[in-house]
Structure formats: structure tokens, C-alpha cells
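> this one's structure only:
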């Protein structure tokens with residue numbers, strides 16, 4: 001006898017379509033990238049499984065609306081809030097905390113997501129009260145020392161819309177001190193370490209033959225800066241803020257070459273020279289058509305090495321490679337392209353937002369390959385990380401200056417020895 005499995009019968013629910021549409025709007029408000037096709041698929045799936053069993057509805061919507069693994073925690077919280085109580089925004093913490101504890105989430109992971117949900121679902125402010133008895137005094141603690149310190153260490157991915165605006169303003173106020181290089185020319189300086197013999201003789205000719213020592217110092221120029229920034233799907237939460245960072249560097253440095261890469265390489269150096277950062281970002285968005293797509297690091301580096309390296313890598317340029325290192329199609333040529341990039345630049349810094357995790361380890365093939373050809377490996381996930389980066393660049397400048405001074409002192413000692421050896425030999429009766 002063959003047993004038959006009873007077929008689940010779905011019963012139509014009034015306003016189910018409207019509820020699905022509102023739920024998709026909620027997901028869009030908290031940052032999920034969903035189109036009309038995903039919304040229609042979710043409506044059909046909800047009609048198929050019905051709303052009698054919430055677990056069936058949950059898995060049906062997950063299959064239609066989740067495109068990336070990192071979006072699932074936010075989806076879970078929005079789902080449990082939306083489908084449990086229409087007035088969930090009034091009791092957001094009371095409703096979500098038991099669910100999260102049951103799901104195994106930690107308290108520190110809940111707070112940033114609650115902020116994003118509350119920002120997305122907050123009601124518009126009411127009109128100011130007319131009566132004096134309804135006036136309430138609220139103390140705004142935003143901008144205090146504790147709030148500023150918290151914002152400095154907070155991950156860009158977990159920032160609310162208001163916090164992101166504060167972060168963009170802080171990035172605009174950055175004053176990075178980039179390394180400099182020694183030029184071929186020098187200038188007269190009372191504190192110079194090199195003797196200006198020609199200037200001393202010219203001055204002696206005007207002063208009746210009295211030679212007064214003159215000194216000169218080497219002129220320094222800022223090193224060119226080359227930026228290669230990843231805008232693939234895995235870097236989606238950092239792409240816009242990185243554009244603000246690139247714009248700040250371009251505004252404070254005379255020679256910056258900027259490139260974006262996802263599935264292909266795009267030169268945005270001209271767009272980043274706009275004085276207004278919003279105009280710069282808007283012009284870049286019109287130029288680049290591979291936002292939040294796949295990642296082809298190897299092919300992008302190959303294009304840069306063949307088309308742009310000799311144009312922008314001269315005069316001891318410093319290169320900032322901003323990517324998580326997750327290549328969609330890793331191959332053996334990635335190491336070759338990274339090696340050539342490393343040899344073409346004076347210093348190669350890899351800025352990786354994944355370094356925000358304490359347990360980060362280079363496990364993927366592309367990360368293990370790339371990390372062998374970089375000089376510095378630094379995080380870039382927060383304002384503090386950007387500040388530390390500018391401090392690292394200034395430290396590189398100090399180290400280069402100290403090394404240059406050491407070389408100059410050694411050259412002076414060698415020159416002095418070369419002058420003393422013939423005189424000493426002549427005094428002892430030997431030929432030089």
C-alpha cells in the first residue's frame with residue numbers, strides 16, 4: 001500500500017501582497033539590495049506556502065530575498081519584528097531580544113543592527129507643541145567625548161545614516177602627511193647640512209676675497225600617490241566611504257591617481273578632482289557600471305600594469321590597494337601581477353577591511369598570494385583605522401628622513417676621508 005503525503009493547502013490572506021511590499025520596503029531601508037523581481041517572487045512564494053505556519057513563510061521569503069550571506073542577520077530581525085506585531089517599532093527591544101538570544105546572537109552584535117532598524121523605521125518628527133506644559137527638554141549627548149570615541153572605533157558597515165554623515169565629515173577634515181622624496185635641486189638654507197661652495201665663492205668675490213661658508217638643503221617634493229579601490233559586492237558597505245577617503249587624499253595631495261575595479265578597471269582621477277565631494281561621487285557613479293558585482297583582481301591588476309603603470313608610477317610613487325582580497329576567479333597569474341605592481345612602486349600598502357576581525361587569517365588562495373608582495377598590511381574599516389593610516393604614512397616619512405640623513409652623514413665622512421688621506425700620505429713621505 002502506497003502512503004500519500006498530504007498536500008499543504010494555502011489559504012489566501014487579505015492584504016498579503018501589501019504586507020509583502022511593505023516588508024520589502026523595510027529591507028531596502030535597512031540596506032538590502034532588492035529589486036522588483038525579488039518582490040514579485042516573494043509574493044508568489046508567500047501565496048504558495050500561506051501564512052498559517054510562520055516557519056514555512058520564513059524559509060519561502062529567505063529563498064527569494066536573501067542574496068548575500070551577510071544580509072541574513074538583518075533579515076532575521078526584520079522578519080521577527082514585522083510579522084509579529086504591527087506596532088513593533090514601539091516595542092523594538094522587548095520583541096527582538098528574546099528572539100536573538102534564542103538564535104544564539106551576542107549582545108554586541110545586536111546593538112548596531114537595532115540602530116539600523118530603528119533609523120529605518122523611525123516615525124517622522126511631530127510638529128512642535130504649542131502649549132508650554134507640553135514642552136520637554138531633551139539633552140542631546142551626540143558629539144560628546146564618549147560618543148566621538150565610539151564613532152571613531154565603529155565599523156563603517158554598522159553605522160547608521162546619521163553616523164555615516166558624521167564619518168564623512170570627519171574624513172573631509174583629515175590632513176594626511178604623505179611621504180616626500182628628494183628632488184635634484186637644492187636651496188640655500190642656514191640650517192642646511194650640505195656646503196654650497198659656488199654660493200660661498202660668489203659671495204667672497206663681492207666681499208674682497210673673504211670666504212664665508214654657505215649651506216644648502218635638498219628640496220623635497222611629495223611622492224605621487226596611486227589608489228586602487230575594490231568596488232565589488234563584498235566591498236559594497238565600504239565603497240562609498242572609500243570614495244570620500246580618496247577625495248580627501250586628492251584634495252590634500254597634488255598628484256593622486258585613483259582607480260576603481262570590480263570586473264574591470266576604471267580611472268576616476270579626473271572625477272575625484274571636483275572640489276565638492278558630492279559632485280565627485282555622483283560623477284563617479286555615472287562613469288562606473290560594475291558596482292557591487294564580481295571581483296576580478298588578477299585581470300584588473302594586469303590591465304593596470306600594462307596600461308597605467310608607467311604613466312603614474314614614476315618618481316617613487318606610493319600605492320594604496322584597498323580590497324578584501326576575495327577574487328572570484330583566482331589564478332596563478334595573480335602572483336605575477338602583484339609582483340610586478342610591487343616592483344613598480346616605492347611602497348605598496350594593502351588596506352583590508354577584513355582585518356577588523358581579531359581572528360583573521362589568510363586562508364583563501366588569493367589572499368595568500370597577494371600578501372607575499374606587499375610592504376604593509378593595514379585595516380581600513382573605521383575612522384580610527386584611517387587616522388592610523390595617515391599616522392603610518394607620516395611615520396614612513398620620518399623613517400625616510402632619518403635614513404636620508406644617515407646616508408648624507410656617511411657621504412660626508414667618506415668625502416672627508418678622501419680629502420685627508422692624500423695629505424696624511426704626503427706628510428709621512430708616501431705617495432698617494
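The structure has been received and is ready for your questions. If you're wondering where the values come from, they're calculated on a predicted model, not measured in any experiment.
> who does residue 318 bridge with?
Beta-bridge pairing for residue 318 (DSSP bridges): residue 225, residue 347.
> how many residues are close by it?
22 (other CB atoms under 10 Å). Glycine gets a C-beta too; all of them are placed from N, C-alpha and C.
> that one touches residue 224, doesn't it?
Yes - between residue 318 and residue 224 there is a contact at 7.4 Å, judged by CB atoms under 8 Å.
> who touches both of those two?
Common neighbours of residue 318 and residue 224, counting by CB atoms under 8 Å, 6 or more residues apart in numbering, are absent.
> can you give me the helices in the stretch 201-350 of the chain?
Listed in chain order, the helices of the stretch 201-350 of the chain (DSSP state H, counting those that start in this stretch) span 236-252, 277-287, 297-307, 309-312, 333-344.
> in a markdown table, list those along with mean pLDDT, mean neighbour count and distance to residue 67.
As requested, the helices of the stretch 201-350 of the chain are exported to a markdown table (pLDDT from 0 to 100; neighbours: other CB atoms under 10 Å; distance: least, CB to CB, whole Å):
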| stretch | mean pLDDT | mean neighbour count | distance to residue 67 |
| --- | --- | --- | --- |
| helix 236-252 | 89 | 21 | 11 |
| helix 277-287 | 89 | 15 | 21 |
| helix 297-307 | 93 | 20 | 22 |
| helix 309-312 | 90 | 15 | 35 |
| helix 333-344 | 92 | 18 | 26 |
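> can I get those helices in TSV with distance to residue 357?
Formatted as TSV, the helices of the stretch 201-350 of the chain follow (distance: least, CB to CB, whole Å):
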stretch	distance to residue 357
helix 236-252	14
helix 277-287	28
helix 297-307	20
helix 309-312	32
helix 333-344	23
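> of those helices, which is nearest residue 183?
The minimum distance between residue 183 and those falls on helix 309-312, with 18.6 Å, by CB to CB.
> in this protein, mark out all the strands, start to finish.
In the chain, the strands defined using DSSP state E lie at 180-188, 194-195, 215-222, 225-230, 256-261, 265-267, 318-322, 347-351, 376-378.
> quick check: residue 386 vs residue 81, distance?
34 Å (CB to CB, to the nearest Å).
> these two: who's more crowded?
Just comparing residue 386 and residue 81: by other CB under 10 Å the higher neighbour count belongs to residue 386, 26 against 19.
> state the distance from that one to residue 203.
49 Å.
> phi, psi for residue 323 please.
The phi and psi values for residue 323, taken as degrees, to the nearest 10, are phi -160, psi 160.
> I'd say it and residue 354 touch.
No - counting by CB under 8 Å, residue 323 sits too far from residue 354 to count as a contact (9.6 Å).
> which one of the two has more residues nearby?
residue 323 (27 against 17).
> quick check: buried residues in stretch 378-390?
378-383, 385-386, 389-390 (16 or more other CB atoms under 10 Å).
> and if you look at stretch 264-277?
265-269, 271-272, 274, 277.
> between the buried residues of stretch 378-390, which is nearest residue 228?
Relative to residue 228, the closest of the buried residues of stretch 378-390 is residue 380; by CB to CB it sits at 12.7 Å.
> what sits against residue 153?
382-384.
> show me the contacts for the closest residue in space to residue 294 that isn't next to it in sequence.
Excluding its sequence neighbours, the residue lying closest to residue 294 (CB to CB, 6 or more residues apart in numbering) is residue 328, at 4.4 Å. By CB under 8 Å, 6+ apart, the residues touching residue 328 are 232, 294-296.
> what does stretch 219-229 rub up against?
By CB under 8 Å, 6+ apart, the surrounding residues in contact with stretch 219-229 are 178-183, 185-187, 239, 242-243, 246, 249, 253-261, 300-301, 304, 312-323, 345-346.
> among those residues, the buried ones, what's the PyMOL command?
Buried residues among the contacts of stretch 219-229 (16+ other CB under 10 Å), as a PyMOL selection:
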select buried, resi 178+179+181+239+242+243+246+249+255+256+257+258+259+260+261+300+301+304+312+313+316+317+318+319+320+321+322+323+345+346
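> Provide the backbone phi and psi angles at the residue nearest to residue 28 when sequence neighbours are not counted.
Nearest non-adjacent residue to residue 28, counting by CB to CB, 6+ apart: residue 34, 5.7 Å away. For residue 34, the backbone dihedrals (degrees, to the nearest 10) come out as phi -130, psi 140.
> hmm, back to that, of the strands of the chain, which is nearest residue 23?
Of all the strands of the chain, it is strand 225-230 that lies closest to residue 23, at 31.5 Å by CB to CB.
> can you list the domain ranges for this structure.
The chain is divided into the following domains under automatic domain parsing: 16-119, 186-221, 223-381.
> buried set for the shortest one?
If I follow you right, that is domain 186-221. 196, 200, 214-216, 218.
> next one: stretch 33-43
Quick answer for stretch 33-43 (16+ other CB under 10 Å): 34, 38-39, 41-43.
> just flag the most distant two among the buried residues of stretch 378-390.
381 and 390 (15.2 Å).
> now the residue nearest to residue 305 when sequence neighbours are not counted: how far from residue 43?
Closest residue to residue 305 apart from its sequence neighbours, by CB to CB, 6+ apart: residue 340 at 5.1 Å. When distance is defined by CB to CB, residue 340 is 51 Å away from residue 43.
> one more: residue 161?
With CB to CB as the criterion, residue 161 and residue 43 are 28 Å apart.
> likewise residue 194?
On the measure of CB to CB, residue 194 and residue 43 end up 78 Å apart.
> again with residue 221
Distance from residue 221 to residue 43, by CB to CB: 62 Å.
> kindly report the same for residue 310.
In terms of CB to CB, residue 310 sits 55 Å off from residue 43.
> residue 218 too?
Distance from residue 218 to residue 43, by CB to CB: 70 Å.
> what do you get for residue 65?
11 Å.
> what's the answer for residue 358, then?
From residue 358 over to residue 43 (counting by CB to CB), the distance is 42 Å.
> swap in residue 19?
In terms of CB to CB, residue 19 sits 10 Å off from residue 43.
> pLDDT wise, what is residue 71 at?
Per-residue pLDDT puts residue 71 at 78.
> now do the contacts for it.
By CB under 8 Å, 6+ apart, the residues touching residue 71 are 31-32.
> try it again at 7 Å.
residue 32 (CB atoms under 7 Å, 6 or more residues apart in numbering).
> what of residue 316?
Per CB under 7 Å, 6+ apart, neighbours of residue 316: 181, 223, 346.
> then residue 344?
So residue 344 contacts 309, 313 (CB under 7 Å, 6+ apart).
> so what's the residue count around residue 352?
Neighbours of residue 352 (other CB under 10 Å): 24.
> is it true that it touches residue 321?
No - the pair residue 352 / residue 321 is not scored as a contact, 8.8 Å apart, by CB atoms under 7 Å.
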